[in-house]
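this one's structure only:
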């Protein structure tokens, strides 16, 4: 499959462009998101719904527009999150790798700079992440997790709203040029 022909509509001003970031931003932002995910809910329980590592994975994968880059970003963020949390090692790594790949594939095909599109993508990938984590927990670990649809939908909407704001902030960290 040739991705270069299917990128963005012809004549789009973003056609063929990928966002460039300084290397320290590619390291510091995911690390800060993971640390936020682990430590902030210890002090503020109401912040437990927030899935910042997922949002950061989605953002960098969408902006880089490279499926291989999305896989690497998702795997590194997921495995780092697994290693610093109580989750079984590899569960979030697998799920975030899938999210990174599909987010990068979406970023290649659509203009993802509009807030409404970003909101929809954040919501979709949050639901995608939760569904695949639930499937993997049942299939690989044999855990009987009850699907909490109402809580997940509400958390998805909240994460999407935070994601739009986070994406606007991260847009300012792009390398010039």
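It's in. Worth saying up front: this structure is predicted, and the values here are computed from it rather than measured.

For the helix or strand residue 121 falls within, name the packing helices and strands.
If you go by DSSP states H and E, residue 121 is part of helix 115-140. Judged by 3 or more C-beta pairs under 8 Å, 6 or more residues apart in numbering; DSSP states H and E, helix 115-140 is in contact with helix 52-64, helix 91-109, helix 149-171. (Each C-beta comes from the backbone N, C-alpha and C, glycine too.)

the inter-axis angle of the shortest one versus helix 149-171?
What that stands for is helix 52-64. Relative orientation of helix 52-64 with respect to helix 149-171: 50 degrees, computed using axes from the mean of the first three to the mean of the last three C-alpha atoms, to 10 degrees.

still on that earlier bit, what about the helix holding residue 121, distance to the chain center?
Counting by C-alpha atoms, centre = their mean, to the nearest Å, helix 115-140 is centred 9 Å from the centre of its parent chain.

quick check: angle from it to helix 149-171?
130 degrees.

Buried residues, helix 115-140. List them.
For helix 115-140, a neighbour-count test (16 or more other C-beta atoms under 10 Å) marks 118-119, 121-130, 132-134, 136-137 as buried.

Low-confidence ranges, the chain, go.
Judged by pLDDT under 70, the chain has its weakly predicted residues at 1-17, 177.

make it 50
Screening the chain residue by residue with the criterion pLDDT under 50, one finds the ranges 1-15.

tell me the centre residue of this structure?
Using C-alpha atoms, centre = their mean, the residue of the chain that lies closest to the mean C-alpha position is residue 58, 2.8 Å off.

Please name the residues that touch it.
With contacts defined as C-beta atoms under 8 Å, 6 or more residues apart in numbering, the neighbours of residue 58 are 99-100, 103, 121-122, 125, 163.
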